[in-house]
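> Take this sequence and fold it.
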Amino acid sequence: MTLVRLLPLAVVAVIAAPAEAQPVRPFSMAALKAAQAAGKPVLVDVHAPWCPTCRAQAPTIDSLATDPAYQSLTILRLDYDHQTAEKKALGVRMQSTLIAYKGRTEVGRIVGVTDPAQLRAFAATALK
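I've put the predicted structure just below:
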């Protein structure tokens, strides 16, 4: 096929492609405050790479970032070992903590949950 014949197909593919959800992003207070100021739903994932519970949570949280049902959710991953000031500012005491915000309002906090259905339901609280 020639390039001229392929071009219309490429245009249709781009137009028909679903909107991409945001990837899980590294946590910063600036990113949290910007999302809150914009009234966005936010999920903060307090993660430690050595933590088995965090490792069990990660695939579900990562999948939320590509799920169209959660495309408006901003997911920020806080490094439990290296972001001690941020962790203290959020009142976090343990790794594997998830905090949901709807704009500036904290709507929930869970620790140690690994069940995918419960994690998805918890993340959805920020969207309601």
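> ranges for the helices of this structure?
Per DSSP state H, the chain carries helices over the ranges 3-16, 29-37, 52-64, 84-89, 116-124.
> which stretch in these is the model least sure about?
Lowest mean pLDDT of the helices of the chain: helix 3-16, a mean of 41.
> tell me, what residue is most central in the chain?
With distances taken as Cα atoms, centre = their mean, Ile75 lies nearest the centre of the chain, 2.0 Å away.
> Among the helices of the chain, which comes closest to Ala100?
helix 116-124 (6.3 Å; Cβ to Cβ). Yep, even glycine has a C-beta here, placed from its N, CA and C like the rest.
> Helix 52-64 and that closest one, what's the angle between them?
Angle, helix 116-124 to helix 52-64, by axes from the mean of the first three to the mean of the last three Cα atoms, to 10 degrees: 60 degrees.
> Report the distance from helix 116-124 to the chain centre.
The chain centroid and the centroid of helix 116-124 are separated by 12 Å under Cα atoms, centre = their mean, to the nearest Å.
> Much appreciated, bye for now.
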